[in-house]
Each structure stands twice: as structure tokens, then as C-alpha cells.
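Visitor: Any chance you could fold what I've pasted below:
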Amino acid sequence: MISLGVAIPAADGSSLATDVLLPPESSPRGLIVIRTPYGRGWHLAEGIEWRSRGIAFICQDVRGRHDSAGSWEPYVHEREDSAALAEWLQDQRWTPNCVIASGASYAAGTAWAFAAETNSADRPFHVGGVVSKVPTIGSDRVKRDPSGILLLAEHLAWWGEHGDSASSREGFIPALMRSNSSLLEHLPVQSMIEKVGLTSDSPGWVTPISRARERELYGSDDLVSADELSELDVAGLHIGGWDDAMIRETLRHFASVGRGPQSLIVGPWAHDLRPGMVGETSFGGLQVEWMESIFSARPLTVNRVFDRGVGEWSTEPYVTGANRVRLEPDLASAPYSFWYDAADNRNDCVVWTFDMQLECVLSGTPSVELKVHSPEGEADWIVELSVVDTAGVTRSIARGAGVSLRSGTQTIDLDPVLHTVLPGDVLSLRISGADFPRLARNLGDGDRYRGTRSIALHQSFSGSLTLPMLGGTDDE
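Guide: Sure thing, here's the model as predicted:
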């Protein structure tokens, strides 16, 4: 049986459009659930394939998107609407015992929400596995850097294409930016969205900005809290890319879900996950193999993590290197200093370099400790770690940001890495005052989101770089 556009009621009566694909002539031996804001029609071919394998498949438009009624407020209603879907499934005679919640990006967040709502209740079925690809589990995680600064380019691009509408405007923002290269420079930031024809008081646009302005606790609007993740008894397949902005989230979830077998695939990919082959196994085939193992109650544990330093896949579990090696620059010229001025697009920088004499494997989260000073007050500290190989090719492998409100010590965690550094490679650490347009600029006037002018900032610092290593010694 195939039923398209089934109206499943939410708790407040809103109708949530859902496609239901059941196997022909047999009871399903499992069920896959996807809840997405991007259009359930994209998943019909996937559903047909699973249906032919004897697996039921459900895909639902989230509230306010495509054919689902209600107000579109990102991440606001996903827990209650997941619970409503679970209640509906509980009343269906065909619902099997084992369910896999699946999704990418926003839909990975709804998958975790469905698992939390389902497995915390006394139901005749349970979520046995979650396929979590490049997960965004709350507005903070995707709209703010861990430093608290708004991810400006991402916020404008995503809300400009998917905001204030039941349908999406695919390609609209890239086309607009090609015609207006200064769009992201518009001040104040809070009204920037009006330049693309949308309203600046829409909750989906203004809420992340307000949270950034008020310096609300990062991650406090998560769909599923860290404590809930740690209590979930569910197998997880966590899929991410080293070039994906959500790599920290992929690895956080992998480490946080503590009561079921967790699998991890991380490749040399960005958020769109276009990997081709994973070792000798196709990316899609590896997912199918893992999902079938959940339905057969014999869960596989998969480890495929790409080491960009040697261009090879590791099948060992991803762990943080216990040998933390501290590297300090030549202190003869310390303290270092530079100028940053948003008005003149001036973003000077300081570059530290470290010659690596022995091979070592960086695995985990590098960090930078800076003793900072800026006479004007609030200042941003942007760090980027790169590897320059013996052929002179530079590859950025991690970056991070911090905000200081006064002079003192800043510890900045960079993105996690797995990278073999070869003899003769040079580590390069770039330190500057802005990462625009990725991050909203510090205007120096105390309010980067409502300010309309900027002042130049003089920043000075000293410090060190700490690397997590699986091998190597302190004298490298």
C-alpha cells in the first residue's frame, strides 16, 4: 500500500502531510522515519527501494513546510510533532517493533527528536537506530559559532532560501549575491534580510541574532539535550565531513550517545556529502548494510574516518590523542599585535609557523591559548590551523574563534581533526580579528548586530598552540 499526503494531526490540530509506503503483501519487518523541511517528495525513490525490501517507509513535511499546515518556526515544534507522529504510529496495526529514524542536516535533528520522544515513552515499538548525517540539532548549533558569534553567511543563505515560506527559493541567494557582492556588508545586520525581500522581525530570522546579542548559553535551545543523548539506548550511524561546518556536532553526538553501539563515517566532504566510494564500499551501500543490521537485531559497528594527511581511510575507532603537545612561537617578537577595521576591510594578521621533523598523527581537538589585550574593549580572535606540505601546498585543517570583553586569557578550541603530519611539513597558525563573511564582524561599538558604524581595533597577544597527538614527542 502506498498512501501519499496522509494528514497526521499534531497536538494542536495542525495537519502534517505524510507519505506512507508499506511493503506489498506482507507485514513490514522494519520502519524508516524521516521528517524534513525540504520536501518529502525528494525521498519517494528511497522509500520505494526500502518498500521492495519489506521495510515500511514514512516521510513527513515538518510543520509549516510544503503540504503541512501550521507556522514554520525552525526547531520550535519538532519535539511535540515527533510525539504526535509516534502516537499515530502506535495506533497502526502494521507498525513493526523496530524503527530507524533517519535524516541529514535539519532532518537529522528531527531524527534525534523522534528517537527521544519515542524511546522515553511506554510504546509497543522503539527506535533501534538513528542515521544522523551532518546533524543540526538546534538553531544555535547551525546559526552560531561556539564562540557565540552569529554565522552570518550561513544564516542569510539558509533563511533567504527557506524562510517565511512553505516552499524554498533554491539558488536565490547565490544569484542575488552575484548581482550584489556587498550584500553581506549591509549594516545593521539585523535588517540585512530586508535586502532580499523578507522581514527582519520574523522569528526564524531574528531569534538567532537575539540569542547572539544576549550571549545566551550556546546550545541551550537544542532539540535533544546532552543529558538526553547520553541516556538514549539506540544504535547510531554518525556521518560527517571534515569540511562540514557541523563536524563538531557529528563527533559530539558520536561521543554523547552512550547506551548503544555507535558507528562513525567521516570523509573529506562538505555539508552536501558527495563522497562517491568509502574505501572499497559505496557510501550508500554502507548505510544500507548498517540499517539492515539494525532490522535483523545484529547491529554492525562501522568505523571509516579519512586521514587527509596521507589520503587514506582508517578503520580504527576515532579517539582523541592523549599526548597533548604544546608548541610556542619564537618569543623574541612577543607580544604580537595587529589592527582590525571593519569599515576599511582591514584585517591584519599574525602567522606562526612550526617545522615538523617527525611524523605524527593529529587526532582530536587542537586548542590555542592566548593572553590578549585590546584597548577598545570587546575583540574577536580568529585562529586557523593549516598544513603546508613539502611541495608548498597549503591545506586548512581547523579553525576556531573566541571573543574577549577585557584583557585576559582566551582558550580557543579548534575544529576536530584526523591528520597525519609528515616529516618536512610546516604547521601554520593564522591569528586575526575577523572571519568575515562567515562570522558577523565586530564593529567595535558594542553591538555588532544593530550597529551602523565601526571603529578600528588594536589587538595584541602572546600564547601557544596545543596539539592532540596519537604519536610524537614534546621536542617536535
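Visitor: ok, now which ones touch the residue nearest to residue 71 when sequence neighbours are not counted?
Guide: Spatial nearest neighbour of residue 71, chain neighbours left out: residue 64 (5.1 Å); criterion: Cβ to Cβ, 6 or more residues apart in numbering. For glycine as for every other residue, the C-beta is placed from the backbone atoms N, C-alpha and C. Going by Cβ atoms under 8 Å, 6 or more residues apart in numbering, residue 64 touches 70-73, 166.
Visitor: Could I get the buried residue list for the longest strand seen in the chain?
Guide: Longest strand of the chain, by residue count under DSSP state E: strand 457-469. For strand 457-469, the neighbour count (16 or more other Cβ atoms under 10 Å) marks 457-463, 465-469 as buried.
Visitor: Look at residue 177 and say how many residues are nearby.
Guide: 18 (other Cβ atoms under 10 Å).
Visitor: Among the contacts of residue 64, which one has the most neighbours?
Guide: residue 72 (21 neighbours).
Visitor: Find the residue closest to that residue in space, skipping its chain neighbours.
Guide: Residue 72 sits nearest to residue 64 (Cβ to Cβ, 6+ apart), 2.9 Å away.
Visitor: Model confidence score at the one you found, please.
Guide: Predicted confidence (pLDDT) for residue 64: 97.
Visitor: next one: residue 124
Guide: For residue 124, the model assigns a pLDDT of 87.
Visitor: so how far is residue 18 from the nearest residue to it once chain neighbours are set aside?
Guide: Nearest residue to residue 124, sequence neighbours excluded (Cβ to Cβ, 6+ apart): residue 90, at 6.6 Å. From residue 90 across to residue 18, the span is 15 Å (Cβ to Cβ, to the nearest Å).
Visitor: and residue 267, how many neighbours?
Guide: 23.
Visitor: May I see the buried residues of stretch 407-427?
Guide: 410, 412-421, 425-427.
Visitor: Among these, which one lies nearest to residue 436?
Guide: residue 412 (17.4 Å; Cβ to Cβ).
Visitor: Just read off the phi/psi values of the closest one.
Guide: phi -120, psi 120 (degrees, to the nearest 10).
Visitor: How about residue 20?
Guide: phi -120, psi 120.
Visitor: pLDDT weak spots in the stretch 151-300 of the chain?
Guide: 275-281 (pLDDT under 70).
Visitor: isn't residue 146 right up against residue 415?
Guide: No - Residue 146 is not in contact with residue 415 according to Cβ atoms under 8 Å; the separation is 9.8 Å.
Visitor: Once you drop chain neighbours, what's closest to residue 79?
Guide: That would be residue 113: by Cβ to Cβ, 6+ apart, it lies 5.2 Å from residue 79.
Visitor: domain ranges for this protein?
Guide: 2-138+222-314, 140-213, 323-469 (automatic domain parsing).
Visitor: for the nearest residue to residue 232 once chain neighbours are set aside, what are its contacts?
Guide: Once flanking residues are discounted, residue 232 sits nearest to residue 257: 5.5 Å by Cβ to Cβ, 6+ apart. By Cβ under 8 Å, 6+ apart, the residues touching residue 257 are 130, 229-230, 232, 234, 236.
Visitor: How about residue 415, nearest residue that isn't a chain neighbour?
Guide: residue 398 (4.1 Å).
Visitor: Make sure that neighbour is actually in contact with residue 385.
Guide: Yes - in this structure residue 398 lies within contact range of residue 385 using Cβ under 8 Å: 4.5 Å.
Visitor: any idea which element residue 118 lies in?
Guide: helix 106-119 (DSSP states H and E).
Visitor: Kindly export that helix (C-alpha atoms) in PDB.
Guide: Provided in PDB are the C-alpha atoms of helix 106-119 (Å, rounded to 0.1, in the frame of the first residue of the first chain):
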ATOM      1  CA  TYR A 106      17.800  19.600   9.800                       C
ATOM      2  CA  ALA A 107      16.200  16.200   9.300                       C
ATOM      3  CA  ALA A 108      19.000  14.600  11.400                       C
ATOM      4  CA  GLY A 109      17.900  16.900  14.300                       C
ATOM      5  CA  THR A 110      14.300  15.800  13.900                       C
ATOM      6  CA  ALA A 111      15.500  12.100  13.800                       C
ATOM      7  CA  TRP A 112      17.100  12.600  17.300                       C
ATOM      8  CA  ALA A 113      13.900  14.300  18.400                       C
ATOM      9  CA  PHE A 114      11.800  11.400  17.200                       C
ATOM     10  CA  ALA A 115      14.100   8.900  19.000                       C
ATOM     11  CA  ALA A 116      13.900  10.900  22.200                       C
ATOM     12  CA  GLU A 117      10.100  11.200  22.200                       C
ATOM     13  CA  THR A 118       9.600   7.600  21.200                       C
ATOM     14  CA  ASN A 119      12.100   5.800  23.500                       C
END
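Visitor: State the paired neighbours of the following helix or strand past that helix in the sheet, together with their directions.
Guide: Under the assignment DSSP H and E, the closest C-terminal helix or strand after helix 106-119 is strand 126-133. Strand pairing for strand 126-133, using DSSP bridges, gives strand 98-104 (parallel), strand 235-241 (parallel).
Visitor: Out of those strands, flag the one nearest residue 156.
Guide: Proximity to residue 156 (Cβ to Cβ) singles out strand 98-104 among the strands paired with strand 126-133, at 21.2 Å.
Visitor: what residues does that closest one touch?
Guide: 29-36, 89, 109-112, 114-115, 118, 125-134, 273, 291, 294-295, 297.
Visitor: Quick check: PyMOL command selecting the buried ones in these.
Guide: To isolate the buried members of the contacts of strand 98-104 in PyMOL, using 16+ other Cβ under 10 Å:
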select buried, resi 29+30+31+32+33+34+35+36+89+109+110+111+112+114+115+118+125+127+128+129+130+131+132+133+134+273+291+294+295
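Visitor: check contacts around the nearest residue to residue 167 once chain neighbours are set aside.
Guide: Excluding the flanking residues, the one nearest residue 167 by Cβ to Cβ, 6+ apart is residue 66, at 6.4 Å. By Cβ under 8 Å, 6+ apart, the contact set of residue 66 is 17, 39-41, 166-167.
Visitor: redo that, cut-off 7 Å
Guide: 17, 39-40, 166-167 (Cβ atoms under 7 Å, 6 or more residues apart in numbering).
Visitor: Sounds good, over and out.
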